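Student: Got a predicted model here, sequence first, then my questions.
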Amino acid sequence: MKVLTVCGTPRERGRAIGESLRDDIHAVMEKHEQAVNGRPGHSLRDYYAAFDKFSSYLDAAKKWAPDLLEEVWGMAEGANIEPERAFRYQLMDEDWFFDNYYYAPQAKVNSKCTAFGVVNQKGTPTYAGQNMDISSYVEGHQVLLHIQYPDSDLESLVYTCAGTLALCGMNNAPLGVNCNTLMQLGCRPDGLPVAFVARSLLEKTSYEEAVTFLNITTHAAGQNYTLSTPSKVGSFECSPNKVVEYRPRADGLRVCHTNHPLINDDTSKFEELNDSNSGGSQLGNTNSCSRLASIAARTVHRDGIVSLDDLKSALRAKDDPDNPVCRDHSTNTEASVIAYTAGSMIYEYGQHSRLHLAAGPPSESDFMTFDFLK
């Protein structure tokens, strides 16, 4: 895994990222485009023409996150790629939704990512984090960005793949953000894409500010965002039409999530597609439900203090061997596009806030610890 520290204006940050990761960006973008082109019935040129005609995501980014859009343009300059190609590469979640709902309607559910948040008591650190499960072609192109902001003490540790704004991360406010795709909640062409939402949240300095941003933003794609601070954790299911907080415990001190909605009922379009394809609606699936049961038993429903080692074990778990929380190379097959844990992270909020990160399946990769400068 590459670790890259960047600072300066958004354009300068992006240019530094593009220049430093140029070979990785070209390689992973080509792999991504090959994967799109390899889907049954897809021609890359025709598919992207339809995708671009459908979406107004660029306008949404200009409205909600202009500084991050400047960073994307800077990445394009630094990596020497076309600006529109660099922007389209930010839209991995939106690509899945467009394909599923409009280009080849099928009501398919992508099962990827397992997240948690645990507020401990008696002076023990609060923890949050997740396994980030994405397409296996990103292997070898993961990167940790240490972002420093001008005229501010704010720093962010952003885990991502080369050329992408963010997958998830934490800042030194401190505030952490984790993401789970909820394909059942649909999409809209004028919402803010997930990568822009995640990075925008990492520029907030309080839990309340982050929650407000989630509630006022128009969301492009169904997603659960787990927010975390030393004293609060929250799980927010965001769809194109509503934002609903999921609280598995009355005290709100522990949360977890996988890839099916648990409280947001903005699912009519998915249910319509599901009914027409299979004769019956199914919002969850075996994989997502099994992983939720595993992480819930090890966090939400666990008595007493949950330690750092407990959480490392939870993210390595294979309680259901057929549907493991940790997806290592033994479960990664060509037939399964989302079958690889590309990173595992735990945010620690104690005397010092820090990131524990495994740059790959945590059953195969050691956790490394990263601190902020301030």
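Tutor: Happy to help now that I have it. Numbers count the residues shown, from 1 in each chain.
Student: give me the low-pLDDT residue ranges for the stretch 201-350 of the chain?
Tutor: The stretch 201-350 of the chain contains residues with pLDDT under 70 at 275-282, 330-339.
Student: I'd like the distance from whichever strand or helix holds residue 236 to the chain centre, please.
Tutor: Using DSSP states H and E, residue 236 maps to strand 233-238. Using C-alpha atoms, centre = their mean, to the nearest Å, the distance from the centre of strand 233-238 to the centre of the chain it belongs to is 13 Å.
Student: per-residue pLDDT, the residue lying closest to residue 162 once chain neighbours are set aside?
Tutor: Leaving aside its chain neighbours, residue 162 sits nearest to residue 24 (3.6 Å; criterion: C-beta to C-beta, 6 or more residues apart in numbering). Where you see a C-beta, it was placed from the backbone N, CA and C, and this is true even at glycine. Looking at residue 24, its pLDDT stands at 97.
Student: how far away is residue 204 from residue 247?
Tutor: Using C-beta to C-beta, to the nearest Å, we find residue 204 at a distance of 21 Å from residue 247.
Student: which one of these two has more residues nearby?
Tutor: residue 204 (20 against 14; other C-beta atoms under 10 Å).
Student: which one is that one nearest to, not counting chain neighbours?
Tutor: residue 210 (4.3 Å).
Student: burial count for the one you found?
Tutor: So residue 210, with other C-beta under 10 Å, has 25 neighbours.
Student: State the phi and psi torsions of it.
Tutor: Dihedral angles of residue 210 (phi, psi; degrees, to the nearest 10) stand at phi -70, psi -40.
Student: begin at 23 from here
Tutor: In the new count, where the first residue is 23, that last one comes out as residue 232.
Student: Please name the residues that touch it.
Tutor: Residues in contact with residue 232 (C-beta atoms under 8 Å, 6 or more residues apart in numbering) are 197, 199, 223, 226, 249.
Student: Could you measure from the fourth one over to residue 247?
Tutor: The reference is to residue 226. Distance of residue 226 to residue 247, given as C-beta to C-beta: 12 Å.
Student: The first one now?
Tutor: Residue 197 is 11 Å from residue 247, where distance means C-beta to C-beta.
Student: Find the residues that touch each one of those two.
Tutor: residue 223.
Student: Identify the bridge partners of residue 265.
Tutor: residue 260 (DSSP bridges).
Student: That one: neighbour count?
Tutor: With other C-beta under 10 Å as criterion, residue 265 counts 17.
Student: ok, it - contacts?
Tutor: Taking C-beta under 8 Å, 6+ apart, one finds 236-237, 241, 258-259, 286 in contact with residue 265.
Student: try residue 278
Tutor: 136-139, 257, 270, 314, 317-318, 321-322.
Student: does it sit in a helix or strand, and which one?
Tutor: Using DSSP H and E, the element containing residue 278 is strand 276-279.
Student: Direction included, what does that strand pair against?
Tutor: strand 136-140 (antiparallel).
Student: what angle separates whichever helix or strand comes after the partner strand from strand 136-140?
Tutor: Using DSSP H and E, the helix or strand that follows strand 136-140 in sequence is strand 148-155. Per axes from the mean of the first three to the mean of the last three C-alpha atoms, to 10 degrees, the angle that strand 148-155 makes with strand 136-140 is 180 degrees.
Student: pLDDT below threshold where in the stretch 73-222 of the chain?
Tutor: Looking at the stretch 73-222 of the chain by pLDDT under 70, you get 129.
Student: how about the helices of it, start to end?
Tutor: With helices called from DSSP state H, counting those that start in this stretch, the stretch 73-222 of the chain shows them at 79-86, 88-101, 105-110, 114-120, 216-223.
Student: what's the helix ranked longest in the chain in contact with?
Tutor: The residue-count maximum for a helix in the chain (DSSP state H) belongs to helix 44-59. Residues outside helix 44-59 that contact it (C-beta under 8 Å, 6+ apart) are 24, 40, 64-66, 69-70, 97, 100-103, 107, 111, 114, 117, 157, 159-160, 162-163, 165, 183-185, 359.
Student: Would you check how far apart the residue nearest to residue 226 and residue 286 are?
Tutor: 18 Å.
Student: again with residue 181
Tutor: Counting by C-beta to C-beta - residue 181 and residue 286 are separated by 25 Å.
Student: Among these two, which residue is more densely surrounded?
Tutor: residue 181 (24 against 21).
Student: quick one: the strand holding residue 258 to strand 136-140, angle?
Tutor: Using the same axes, to 10 degrees, strand 255-260 lies at 140 degrees relative to strand 136-140.
Student: Strand 255-260 to helix 216-223, inter-axis angle?
Tutor: 140 degrees.
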